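A.B. asks: Predicted structure and sequence below. I'll ask about it afterward.
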Amino acid sequence: MKYRMLTTEEMEIFNEDFKHFAVANGVSNEEWLEMNESNKETATKLVCLFSDTVLQKVYEKLKFIEHRSKSSCLVFKLNESEIDLISLNAKTDKVDLSTAESIHEALVNNASELSIFQSKKKYSKVREEEIHEMLSQGCVNSSEAFWMLLEKVIN
């Protein structure tokens, strides 16, 4: 498996897509129901293949992700061949960077209590595999608007 198996909730969302995927891979709905009952290993392999296909497409479309904690906010722009980073780090405990409101508060009222920098790096793995690893480590989807706002603040 390249990434991870989709959760039950995610599989429910992609239920119709999975049915089409199964048929495209030569498994009718009746065969799937039987396989799921009598041959769990083969059924699991089909779900794993479907999961990797879905996640690959999702990762290909991702453009911005972020990781927040009380003391830092890391925002990543996921370009084709490199990752751009804007990093906000609290210099003291009185600054909280875990929510949008607290980041705004810190930038407006406590900018001197922040260290801010930008950097770039080439992917150390295949782009989508590196994105998967970052998401597994706690990053979440972010927005271009947030990235652009931070760029304006620091430039």
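C.D. replies: Now that the structure is in, tell me what you want to look at. These numbers were taken from a predicted model, which means no experiment stands behind them.
A.B. asks: so how far is residue 51 from the spatially most central residue of the chain?
C.D. replies: Note on the chain: the residue nearest the mean C-alpha position is residue 135, at 4.3 Å, using CA atoms, centre = their mean. When CB to CB, to the nearest Å is applied, the distance between residue 135 and residue 51 equals 14 Å. Yep, even glycine has a C-beta here, placed from its N, CA and C like the rest.
A.B. asks: from memory the residue nearest to the centre of the chain sits against residue 58, does it?
C.D. replies: No: with contact defined as CB atoms under 8 Å, residue 135 does not count as touching residue 58 (9.5 Å).
A.B. asks: Can you tell me how far residue 111 is from residue 126?
C.D. replies: 38 Å.
A.B. asks: ok, now residue 60?
C.D. replies: Going from residue 60 to residue 126 by CB to CB gives 11 Å.
A.B. asks: Please, where are all the helices along this structure?
C.D. replies: Using DSSP state H, the helices found in the chain span residues 8-13, 15-24, 29-38, 40-61, 100-109, 127-136, 144-154.
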